[in-house]
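# Need coordinates for the following:
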Amino acid sequence: MARIKDVAAQAGVSVATVSRVLNDSPSVTEETRSRVYAAMTALNYVPNAVARSLRTEATRTLGLIIGDILNPFFTELARAVEDGAREAGYTVVIGNADERADQQDHYVRTLLEQRVDGLLICPTAEVTPLIEEVARGGRPLVFLDRTLPGLDVPSVRADGTEAIRRLAGHLRALGHRRVAFISGPGTLSTGRERTRAFLMAAAETGLEVPPEYVRVGDFRAGSGQALTAALLDLPEPPEVIFLGDNLMALGALDEIRKRGLRIPGDIGLASFDDVPWFSHTDPPVTAISQPTAELGRGAVRVLLDILGGRRADSVVLPAHLVVRESCGEARPHARPPDGHADTPDGLAGTSDAVVGRGTA
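The predicted structure is shown next:
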C-alpha cells in the first residue's frame, strides 16, 4: 500500500503539499494539484485514515458514479437512485465519469475521501487497479447497469435479450429482411450483451445481417450519425437500422434527415433505450425500454443490504419493446415468423404499444 510520502516523491512535492491537496486547500495551484492526483492514480493511493473511516463511521451518504450525465438514461437513473436513497434517509453525491477510466477513478477517490458509506458505480470498460482494490477490499460496492469481468461485486442491470428477440420478430412480420445494428463498445458489458442478443435474434428470425451491417459506436450521437452515414452509403443499404442507445439514435435521425430521407418510407429506425422525446418525433421511434426507475431504486436496496450486513444478490430486470411507427405500418393480417407467435398482430400501426412487459 502506497504511503503519503510515496505520493510526495512521485509528484516531486513535499508531504505537506500532498496533505493540502487532500484537504482541498485553495493555496495549492492547479498544476501542483494535477501532479499530486496523477501520482495518487499511478500509485493507487487511498489515504489510510479514510479507508478506516469508511468501515467505522456512518455518514448517511452514498456515492454514485455514472457513465455520461448528458445521456438521458443516466440522468433518469441518477434521479431514481437519489429518490430511493432519500427515502431511506441517505444523501447521494454524484460524479460524472464521462466514460473515462481516469475520471471514474478520480470520483472513486474523492468519494472515499468524503467518507461515503457505500458506492454505486456504472463502470467504464477498464478494470483499474483502484476499482479492483475497492472491490476486493470489502468496501460496500454495487455495480449499476454494467458489470466488470473477474470482480465479485453485486450488480443491478437490465436484460434486453427477450425485448430484442421481439423486435426482430416485429421487423420480420413487417416484411423487413435487411437489418443493421450499431452497437456500443465491445469493451462495455452492455455493448457486448446487446450485440450478442441482436445477432442471435436475427439468426432465429431469418433477418439478413452481413458483417458490414454490424458497426461499433461509442454510445454518443456523433458515432450514431457517422455510422448511419456509412450504412446508407453501402451498395445495398439496410432496410432498418437498430441503434444500441438513444444518443446514437439521435445521431442517426440527424443523418437521415440531412439526406432528406423518409422514416420509415426510405429507412426504418429502432433504438435501445426509450426516452420521452421518442414518442414526439415524426414518426415516433420504436424502442426498447429499460426499467430505469426500478434499476436505480433496486441498486440502492442492494447497497443498503450490504451496509446492513444482509445477503446482497445481483438483480436482473427485463427490458420491454415499445412499438411505434418508425419501422413501418403493419401489413393486413401480418403474422409473426415461426416461433414468435407471442408477438401481437398489427402493433406497428399503434402508438406506444408495449410488448413483453414483465417483472423479475
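# Tell me which helix or strand comes right after the helix or strand of the chain with the lowest mean pLDDT.
In the chain, the helix or strand scored least confidently by mean pLDDT, DSSP states H and E is helix 48-56, which has a mean of 49. Towards the C-terminus, the helix or strand next in line after helix 48-56, according to DSSP states H and E, is strand 61-66.
# Now do that following strand: distance to the chain's middle.
Here strand 61-66 shows a centroid-to-chain-centroid distance of 15 Å under the convention CA atoms, centre = their mean, to the nearest Å.
# ok, residues contacting that strand?
Outside of strand 61-66, the residues within contact range by CB atoms under 8 Å, 6 or more residues apart in numbering are 74, 77-78, 81-82, 85, 90-97, 104, 107-108, 111-112, 114-122, 144, 300, 303. Placement of C-beta: from N, CA and C, glycine included.
# In helices, which of those residues fall?
Where these overlap with helices, as defined by DSSP state H, the overlap consists of 74, 77-78, 81-82, 85, 104, 107-108, 111-112, 300, 303.
# any low-confidence regions in the chain?
1, 47-57, 330-360 (pLDDT under 70).
# Leaving out sequence neighbours, find the closest residue to the residue most central in space within it.
The central residue of the chain, meaning the one whose C-alpha is nearest the mean C-alpha position (CA atoms, centre = their mean), is D145 at 5.5 Å. Excluding the flanking residues, the one nearest D145 by CB to CB, 6 or more residues apart in numbering is C122, at 4.8 Å.
# Contact partners for that neighbour?
Residues near C122 by CB under 8 Å, 6+ apart: 65-67, 74, 77, 97, 143-146.
# same thing but at 10 Å, please
Counting by CB atoms under 10 Å, 6 or more residues apart in numbering, C122 touches 64-68, 73-74, 77-78, 97, 99, 104, 143-146, 157, 188, 190, 299.
# Among the residues you listed, name the buried ones.
Of the members of these, the ones counted as buried by neighbours, 16 or more other CB atoms under 10 Å, are 64-68, 73-74, 77-78, 97, 99, 104, 143-146, 157, 188, 190, 299.
# a helix runs through T124, doesn't it?
No: counting by DSSP: H, G, I helix; E, B strand; the rest coil, T124 is located in no helix; its state is coil.
# Hmm, it is touching Q103, no?
Yes: applying CB atoms under 10 Å, one finds T124 in contact with Q103, separated by 8.3 Å.
# Quick check on these two: which one has the bigger neighbour count.
Using other CB atoms under 10 Å as the criterion, T124 and Q103 rank with T124 on top: 24 against 15.
# phi, psi of the more buried one?
phi -70, psi -180 (degrees, to the nearest 10).
# which ones are touching it?
Shown in contact with T124 (CB under 10 Å, 6+ apart): 65, 67, 97-105, 131, 146, 148, 185, 187-188.
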